[in-house]
Every structure is written in structure tokens, then in C-alpha cells.
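After the sequence you'll find the predicted model.
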2 protein chains.
Amino acid sequence: MGRPSAPLLDVDRITTAALTLVEESGGFTMPQLAKKLKVSPSSLYNHVSGRDEIVELLRGRAMSEVDMPEVGAPWREALAQIARGYRDSYGRYPRLIPLLTAQAVNSSAAFGMYNTMARILSEAGFVPADVLRIITVLDSYVLGSALDLAAPEAPWETSDEVGAEFRAALDTIARTAGTRAARSEDAFEFGLRALLAGLDPR
Amino acid sequence: MGRPSAPLLDVDRITTAALTLVEESGGFTMPQLAKKLKVSPSSLYNHVSGRDEIVELLRGRAMSEVDMPEVGAPWREALAQIARGYRDSYGRYPRLIPLLTAQAVNSSAAFGMYNTMARILSEAGFVPADVLRIITVLDSYVLGSALDLAAPEAPWETSDEVGAEFRAALDTIARTAGTRAARSEDAFEFGLRALLAGLDPR
């Protein structure tokens, strides 16, 4: 009486289910993933080699909205543009971040971004050791900022333990930013400008 | 025939069990925690008000190794010292980080650190809106760097997809750093210096 209504298993459905598990619980195992997809664990291995490959598929998903800058843009502006897209793209999946940083990068989308950053920095005159340092520093700043993007509207509770200077700082949230995204964005741009201003080829 | 050997339930045991669950699976629920401690869920509520309070206890644990600088140190050095302890302290528990950033801060240890940072920045001449921005930026940089501290020895796989400039950068890891902690530390100090150099009171 008609064919089964469950959609066929494919890499895209496996990736989406893994992402849902990560956002719900902070992680995933292959048995949990099989249960979520209502398939046997062994059938997952017809599509992926294992958990590591799924983590790399998740990395590709997290990077899907990172745009590369136009060739010829000044190096600070080109890096800022990559950093903005990278933060926005990862900010959609905050709980995925520690899973991605715990595993060595092995995804085409990620290599594409790192290759572009390395080329921009090399052409700006940075030596290879500094290229690696700056890529690492931007990575850390962007991933931390992506977590901040997912922070609550008021990231600090009201408390008697808040001192006068910190209170004055917190009081500016409502006045200058307004929304959660605006506060996070404003701080991100401020720090990105400071960081890039502090870098110069030796 | 002697008393039961299971230790008494207390806040410290609850916090330790929650931390173990987070590091194993990326998160925790009250039923999982009760199961891990071999107690009924309701007995947890004799010691804590709920999951939010446990997350704040975990924040206190994660901050336990952050030292405050001596009064009178130059502001950049004082902030760098806080940032170093903060990174090292959080680097022990990478999977805890997204849980902490997803909840508004409400822990004495954390308020102590933010109060100190706000006081240092105010005394250095920064206006309240910039005090908040710089605290947010340092938070993001430190938490991202704590994740990098937990990254694999070689954070990028060897691949044909690695371009010439990025390859040259990656080749410096073995030469200049050697160990995982040394690579991460070197980049962290480089970025911290650049970031603090890029900040000046208006």
C-alpha cells in the first residue's frame, strides 16, 4: 500500500540530525544519532566513515556563510570582512564550537578560508610564523565573539556584588546598544579594530 | 552492619558530578545528574535551587585559578595578568564554556574579576561604554583562546587542499613552538599584546 514515508538516509540528513543533537545536548554519539534518525547504527556507515567525518561535515555547515573578500582590498579590511562572516556563521551554532576546536580541521570550506587568510597576510608582508599567530588569534577572537553573540540579552545579573565602575559600564548597555545583537556587534567591531590596529608586518 | 559507604550529598559533590557530565557529553540535565550521583532528583533540590545555580557553581569552579593583579600595576600589564589566569583556568574545561556564556553571570568569583577589570579600566581613563566593550572583547578573546588551548597538537590536518602560504605558516609550528601548549601560548601572548596596544583612552 505505497512506499514507506521515511526519507532516504543521506549525508545531509545525517549532518542535520547531528547538529540538532549538538544544539540540544552539547554533543552526539553514533548510537544517539542512529536513534534520532530511526535507523540502525550500521546504516550510518554506508554514508560516512564515522564520527570524525560528521564533525567535519558540521564544520562545513558552520562555515557555510563565510564570504571571501574581493581580491585587492586592503589587508585589514579583507581580514575584518572574513572575521565578520565567520562570527555570524558560527554564532548560529554556539554549542558546536568546542566540538570543532577539539578536532583537527579537515574540511574544504575551512581550508579555503585559512588559505585566503594566509595569502592576504603573506602579501601584506607578515612572516610565516606571524601568519600562523594572527590566524590563531583571529580564530580565538571570532569563536569567543560567536559565543557572545548567543549570550543572554543581559549577560550579567543585577547584584549587590557589582561594584561602582562595573555598574556604570553595565548601565551603558541599554543606552548605547539596546538589543542583544547590537551590544555584541558593537563590542566585536571595537575589538576587531583594536586588534588589527595593533598588528604590523615586522 | 556498619553505615552505608556512599558519601553524603553536598554542593561540592553535585558540582563535581555536573562538571564530569559536561566534559563527557557536553551538557547535563537534573535527571542525568541524579543518576550519576545515585540519588533521586528531588534530593538534589535539598542542596541547590536548580540547574541555573549549578551552572553558576561550575562558573565559580572554572574561575578558581584566576589571580587578581597587585594594585598599582600599569593597566595593560594588570589586564594581561587577569587574562592569562582566566585563559588557563577555563582551558581546563573547554566543553563547559558554551554553557557558561549561554547564562547570565551570577557568581561571586566572576563579579570579583569583572569589578577589578572595570576599576582598572576606569582608572586608566576609559569611559563606561568603552569599559564594557573592552571587558566583552577580552572575555571573547580569552574564551576562544581557552578553546584553542584544548585543541589537538596539530590543529589542521595535512591535506592537498592547503595552499602554499598557509603551508609555510603551518610548517613553523614544529620549528618555533614544539608542543601544543607552547603553540597556543605563543599565539595568545602575541594577540593579547596586539589587542592591548590597539586600545587607548579617548
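All right, it came through fine.

show me the contacts for the residue of chain A found nearest chain B.
Relative to chain B, the nearest point of chain A is A:Gly26 (2.4 Å; C-beta to the nearest C-beta). Just so you know, the C-beta spots here come from the backbone N, C-alpha and C atoms, and that holds for glycine as well. Shown in contact with A:Gly26 (C-beta atoms under 8 Å, 6 or more residues apart in numbering or on different chains): A:Arg95, B:Val22, B:Ser25, B:Gly26, B:Gly27, B:Arg95, B:Pro98, B:Leu99.

Looking at those residues, which are in strands?
Within those, no residue falls in strands by DSSP state E.

Please pick the buried ones from these.
Neighbour counting with 16 or more other C-beta atoms under 10 Å in any protein chain shown marks A:Arg95, B:Val22, B:Ser25, B:Gly26, B:Gly27, B:Arg95, B:Pro98, B:Leu99 as buried within the contacts of A:Gly26.

so the third one makes contact with A:Gln32?
No: here B:Ser25 lies out of contact with A:Gln32, judged by C-beta atoms under 8 Å, at a distance of 9.5 Å.

which other helices and strands contact the lengthiest helix in chain A?
In chain A, assigned by DSSP state H, the helix with the most residues is helix A:128-149. Counting contacts by 3 or more C-beta pairs under 8 Å, 6 or more residues apart in numbering or on different chains; DSSP states H and E, helix A:128-149 is packed against helix A:75-91, helix A:97-101, helix A:108-123, helix A:180-197, helix B:97-101, helix B:128-149, helix B:164-172, helix B:180-197.

Adding mean pLDDT and distance to B:Gly60, write the ones you listed out as TSV.
Listed next are these as TSV, based on pLDDT from 0 to 100; distance: least, C-beta to C-beta, whole Å:
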stretch	mean pLDDT	distance to B:Gly60
helix A:75-91	96	27
helix A:97-101	96	20
helix A:108-123	96	35
helix A:180-197	94	24
helix B:97-101	96	10
helix B:128-149	97	16
helix B:164-172	95	38
helix B:180-197	94	23
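
among the ones you listed, which is nearest B:Glu77?
helix B:180-197 (8.9 Å; C-beta to C-beta).

Give me the buried stretch members for the closest one, please.
B:180, B:183-192, B:194-196.

picking that back up, now the helices and strands packed on helix A:128-149 as a markdown table including distance to B:Ala80?
Converted to a markdown table, these look like this (distance: least, C-beta to C-beta, whole Å):
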| stretch | distance to B:Ala80 |
| --- | --- |
| helix A:75-91 | 22 |
| helix A:97-101 | 23 |
| helix A:108-123 | 24 |
| helix A:180-197 | 14 |
| helix B:97-101 | 21 |
| helix B:128-149 | 10 |
| helix B:164-172 | 24 |
| helix B:180-197 | 6 |
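
Among these, which comes closest to B:Arg84?
Evaluated over the helices and strands packed on helix A:128-149, closeness to B:Arg84 peaks at helix B:180-197, with 7.9 Å, by C-beta to C-beta.

quick check, the closest one touching chain A?
Yes: residues of helix B:180-197 are located near chain A by C-beta under 8 Å from any C-beta of the partner chain, namely B:Arg183, B:Ser184, B:Asp186, B:Ala187, B:Phe188, B:Phe190, B:Gly191, B:Arg193, B:Ala194, B:Leu195, B:Leu196, B:Ala197.
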